[in-house]
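Novice: sequence and predicted model, in that order:
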Amino acid sequence: MDPLSLVSLVTLVFQTVTILHNTLESIREAPDALSDLLSRTKSLQIMLHRLDNVRERLNPDRRQALNGMWDENRCRDTVETLHSLVLKIAFKKGEVFKGDGVLSRIQWVLRKCTAEKLAERLQVHKQDIISALVVLSL
C-alpha cells in the first residue's frame, strides 16, 4: 500500500470513529437533553402566560409599545414546535416521561440538530422578552 493510500485510510478510520463516538454520546445523553428541552419550553410557556397577564393591565400606549418590541407569534410558534418535537421523541403518557427508551434515544440522534436550532431560537426569544420587560419597567 502506498503512503498516500495509507494516510487516506487512517483519516477515514479516524473520522468514522469520531462520528461513532459523537453518536454514542448523543444516545447516552438523550434523556437529560430531552428533559432539559421540555423544562425550557415549559418555562417559556409560563413566561408568555405571565406576559399576557401583564399586557392586560397596561395602558394602550404601553401595550402597543410591548407588541412592537418582539415577534410574539414567532416566539409562540418556536415554543410549540420545540415542545411538540420533544414530546414526539420522548412520548409522554400521562405524567410518565419515556425519553430513556432505546427508540427515544435513536429518535433524539436523528432530530437533535433540529431541536438544537429551535432551542437557540427559544433562547433568543427569551432574551427579547426580558429586554422588552426591562424597557417597560423604565
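Specialist: Thanks, I have it.
Novice: and the strands in this structure, which stretches?
Specialist: Counting by DSSP state E, no segments of the chain form strands.
Novice: need the pLDDT of the residue positioned nearest the centre of it.
Specialist: Closest to where the C-alpha atoms of the chain average out (Cα atoms, centre = their mean) is A119, at 2.5 Å. As predicted, A119 sits at a pLDDT of 94.
Novice: one more: V124?
Specialist: 94.
Novice: low-confidence ranges, this protein, go.
Specialist: For the chain, the stretches with pLDDT under 70 are 91-100, 138.
Novice: report the contact partners of the residue nearest to the centre of the chain.
Specialist: Listed by Cβ atoms under 8 Å, 6 or more residues apart in numbering, the contact partners of A119 are 37, 40, 82. The way it works is simple: take the backbone N, C-alpha and C, and place the C-beta from them, glycine included.
Novice: quick one: the helices in this protein, in order.
Specialist: Assigned by DSSP state H, the chain shows helices spanning 3-56, 60-67, 72-90, 102-137.
Novice: so what's D128 closest to, chain neighbours aside?
Specialist: Closest residue in space to D128, ignoring its immediate chain neighbours: W70 at 3.9 Å, by Cβ to Cβ, 6 or more residues apart in numbering.
Novice: enumerate every residue touching that neighbour.
Specialist: Counting by Cβ under 8 Å, 6+ apart, W70 touches 125, 128-129, 131-132.
Novice: neighbours of the nearest residue to L122 once chain neighbours are set aside, how many?
Specialist: Once flanking residues are discounted, L122 sits nearest to T78: 5.6 Å by Cβ to Cβ, 6+ apart. Neighbours of T78 under the rule other Cβ atoms under 10 Å: 22.
Novice: list the buried residues in stretch 48-65.
Specialist: By 16 or more other Cβ atoms under 10 Å, the buried positions in stretch 48-65 come out as 48, 51.
Novice: ok, residues contacting it?
Specialist: Contacts for stretch 48-65 (Cβ under 8 Å, 6+ apart): 66, 72, 75-76, 79, 129, 133, 135-136.
Novice: and those residues, which are buried?
Specialist: Among the contacts of stretch 48-65, those classed as buried by 16+ other Cβ under 10 Å are 66, 72, 75, 79, 129, 136.
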